[in-house]
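[1] Fold the following.
(one chain, ligands or ions: 1)
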Amino acid sequence: MEGTIEKPRALVIGGSLGGLFAGNLLRDLGWEVDIYERVPDDLASRGAGIGTHRELLAVLAGLGIALEERLGAEVGDRVCLDPEGNTVHRVPWGHIMSGWANVYRPLKDRFPASRYHFGKGFAGFERSSGKIIATFDDGSQANGDLLIGADGLRSGVRAQLYPGLEPAYVGYVAWRALVDEHTLPRELRQRLGNIYWFGLPPGEMIVAYPVPSRDGAPGHRDWNIVWYRPIVGDAALREMCTDAHGRHHGLSIPPPLVRPEVIAALKRDARALLAPLLAELLERSQPFFQAIFDVESPRIALERVCLLGDAAFVARPHVGMGVTKAALDALCLYRSIQIDSENLDAALARYDRLRGEFGRRCVARARRLGAYIEARARPGAGWTDQQTDQRPERLMREVAAALSDIPELGLEI
Ligand SMILES: Cc1cc2nc3c(=O)[nH]c(=O)nc-3n(C[C@H](O)[C@H](O)[C@H](O)COP(=O)(O)OP(=O)(O)OC[C@H]3O[C@@H](n4cnc5c(N)ncnc54)[C@H](O)[C@@H]3O)c2cc1C
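    From the prediction side, this is the model:
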């Protein structure tokens, strides 16, 4: 590519964190990059807390971005409570949680606004004379040398590469909520402290931990709650995804449309199954749910089209590293192009090999961590004792562990 008069051009579909990492890094290599995002306006209000893996901070630092620690929330020990509120296990932890917007904002500001196109939904691509032509919902087109699908769980780029490959529902959902700490009574705030709480009812898992607040004010925190619960079968999930007017929304439903009686039942279950501290926190929240899926793309680079982040692989959230994985995918693409600067096909083959292996291992690890929940949803599937191991000692060490503590994921980038 060096020596050519025209700069190589990348079309990035999806302007969330994965797309922004790729866009910024490829521009630093001298590429022309355009990012196309379906949503019509800024995404900063999205997302909750994210763990600050050392590797994520390193990719940001390489882009000249220092994540402001003062905007982080420090989380101390991990503590698991039984339904009576007794501590059943405690492990030292000590991590800084950051906010999704803390990562999005500087990446977005670093990328030229004129090259970031909001309200552009990708509709399809074709290959012509060595170029990739992308078509958008409004009928407009763009062409480039490389198409990067960074368009998330329901990736349209993946769907075109692999027709019929659907995200696989794993039999459980994550109920989620963010509660502004300032809305909680002082006494509850004090009891919550800065602990990363666990509750492990049989075949379920709830975690609750403080994250920087969505208002961005230093020192303000929200409590992030994620409760994994089996919902057996697509039909039951569809029923939960039906709004108060009887309208079905498929396998997901916009948070405000979750039926009040579904939320009331969750809060009732919380009082029966969870420690009073966690039930009280949940009581004061507006929960919504997301179904959990596994996605594995057979290949993530094919003839000048590549996938990264959730478009490539979706691991269940127990590994807690979706954002770090997206950043490392983008870094690997950058390095591969840097190493094979004269041969884009060779660069993409390297990317496919390295990040394909990482993605598959990540999905497998997350599947192992969630197996005991899945086993409740699919009881007859011949689960081994190891798969249904729900001991807090194991889960509290392995859920959202640091990448450096997981040898099987310490792969070349
Ligand atoms: C319950 C739960 C908890 C999680 N917790 C964590 C956590 O603690 N830490 C962590 O690191 N990760 C966590 N994740 C995972 C994390 O959210 C994702 O891995 C991460 O957002 C992936 O980023 P991405 O850029 O690949 O995709 P996304 O953030 O999904 O972005 C895809 C983008 O593509 C756009 N798009 C989609 N279709 C089109 C189209 N046709 N045309 C144009 N644009 C399009 C979308 O609007 C979106 O902006 C969690 C996920 C879940 C479900």
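
[2] Which residues does the strand or helix carrying Q190 contact?
    If you go by DSSP states H and E, Q190 is part of helix 186-192. Here helix 186-192 makes contact (Cβ atoms under 8 Å, 6 or more residues apart in numbering) with E181, L184, A208, P210, W223, L277, E280, L281, R284. The way it works is simple: take the backbone N, C-alpha and C, and place the C-beta from them, glycine included.

[3] Next step: those restricted to helices.
    Among the contacts of helix 186-192, the residues falling in helices (DSSP state H) are L277, E280, L281.

[4] By neighbours, which of those residues wins?
    L281 (23 neighbours; other Cβ atoms under 10 Å).

[5] For it, list the residues it contacts.
    Each residue near L281 by Cβ under 8 Å, 6+ apart is listed here: V179, L184, L188, L192, A208, W223, I225.

[6] Which of those residues sits closest to the ligand?
    Distance ranking of the contacts of L281 against the ligand, using Cβ to the nearest ligand atom, places I225 first at 10.4 Å.

[7] Partner strands of the host helix or strand of the closest one, with direction?
    Following DSSP H and E, one finds I225 within strand 221-230. Strand 221-230 has the following strand partners under DSSP bridges: strand 168-180 (antiparallel), strand 205-212 (antiparallel).

[8] Contacts only, for the closest residue to the ligand within the stretch 151-300 of the chain.
    Distances between the stretch 151-300 of the chain and the ligand by Cβ to the nearest ligand atom are smallest at G152, namely 2.8 Å. Residues in contact with G152 (Cβ under 8 Å, 6+ apart) are G14, S16, G18, G309, D310, A311.

[9] same thing but at 6 Å, please
    By Cβ atoms under 6 Å, 6 or more residues apart in numbering, the contact set of G152 is G14, D310, A311.

[10] Leaving out the residues flanking it, which one is nearest to it?
    Nearest non-adjacent residue to G152, counting by Cβ to Cβ, 6 or more residues apart in numbering: D310, 4.6 Å away.

[11] you'd agree the one you found is in a strand?
    No. Applying DSSP: H, G, I helix; E, B strand; the rest coil, one finds D310 to be helix, outside a strand.

[12] which bits of this protein sit near the ligand?
    Counting by Cβ under 6 Å from any ligand atom, the chain comes close to the ligand at 13-19, 36-39, 43, 50-51, 121-122, 150-153, 156, 174, 176, 226, 290, 309-311, 317, 320-324, 326.

[13] Out of the residues you listed, which end up buried?
    Buried residues within the residues of the chain next to the ligand, counting neighbours by 16 or more other Cβ atoms under 10 Å: 13-19, 36-38, 43, 50-51, 122, 150-153, 156, 174, 176, 226, 290, 309-311, 317, 320-324, 326.
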